[in-house]
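Enquirer: how would this look folded up:
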Amino acid sequence: MVKPIWISRDYDACSGCRRCELACSIHHEGWMWPEASRVRVFMPFPGLEVPHLCSQCQDYPCIESCKFDALSIDPDTDAVIVDREACTSCGLCITACPGTVPTLHPGDNKANICDLCGGEPKCVEVCVEAGYNALTIVHEEPNIHRKLYSRNPVDTARDLAVKMFGEKGLEVIE
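Expert: Sure, this is the predicted structure:
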């Protein structure tokens, strides 16, 4: 049995290299297809890259919203699992997610959500290997408020701009 994990994000450390997107797509799709990746890196403002992936919220609003039982929780990793046969591409999981994290897969138009690669997230492996450590694995108790990380990447980038450049930096990007 795999111990439940969570992927922590250090937004300051993200270089925007997108190795995470490539590793995810190679693992799940068999080739480099960043549009099909379950982790996406957004650059809403120049120089501010934001890795965006499922936060595995404790209340799983995406699963709660699915009227077709296409989403479930992996009992080993606590990751969201998509039953591609049951998914109708309705997008309710996307709307329910506080960070609008799920996407519709560009190939089959089914829900696309991070499944933690069965407990060995490839995005984390390549990020750590590169020395960025923007994505790291955390073995933690379920009391961490992961939903705080499930935000729109533009909002995260705005907070990052203030942190890095002060209020003047925010004025420039808006």
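
Enquirer: contacts and neighbour counts: CA atoms only from here.
Expert: OK.

Enquirer: now the residue nearest to the spatial centre of the chain, nearest residue through space, not along the chain?
Expert: By C-alpha atoms, centre = their mean, the chain has its centre lying nearest to Leu53, at 0.4 Å. Counting by C-alpha to C-alpha, 6 or more residues apart in numbering, Val39 is the residue found nearest to Leu53 once chain neighbours are left out, at 4.7 Å.

Enquirer: pretty sure the residue nearest to the centre of the chain is in contact with Ser37, am I right?
Expert: No - look at Leu53 against Ser37 with C-alpha atoms under 8 Å: they stay out of range, at 9.6 Å.

Enquirer: Low-confidence stretches in the chain?
Expert: 1-3, 140-148, 168-174 (pLDDT under 70).

Enquirer: For Val82, see how far away the closest residue to Ala86 other than its chain neighbours is.
Expert: Nearest residue to Ala86 in three dimensions, chain neighbours excluded: Ala70, at 4.9 Å (C-alpha to C-alpha, 6+ apart). As for Ala70, its distance to Val82 is 6 Å (criterion: C-alpha to C-alpha, to the nearest Å).

Enquirer: now Pro153
Expert: 23 Å.

Enquirer: Report the contact partners of Leu160.
Expert: 11-12, 48 (C-alpha atoms under 8 Å, 6 or more residues apart in numbering).

Enquirer: for the residue nearest to Ala86, what are its contacts?
Expert: 63, 82-87.

Enquirer: How about Cys66?
Expert: Cys66 makes contact with 92-93, according to C-alpha under 8 Å, 6+ apart.

Enquirer: do that again at 6 Å, thanks
Expert: By C-alpha atoms under 6 Å, 6 or more residues apart in numbering, the contact list for Cys66 is empty.

Enquirer: Let me see the backbone angles for it.
Expert: phi -70, psi 120 (degrees, to the nearest 10).

Enquirer: cool, and Pro51?
Expert: Dihedral angles (degrees, to the nearest 10) for Pro51: phi -70, psi 130.

Enquirer: And Trp6, by the same measure?
Expert: Per-residue torsions, Trp6: phi -140, psi 150 (degrees, to the nearest 10).

Enquirer: Surely it is in contact with Leu135?
Expert: No - with contact defined as C-alpha atoms under 6 Å, Trp6 does not count as touching Leu135 (9.9 Å).

Enquirer: in the protein, which spans are strands?
Expert: Remark: strands assigned in the chain by DSSP state E are 6-9, 40-45, 48-52, 71-73, 80-82, 103-104, 111-112, 135-138.
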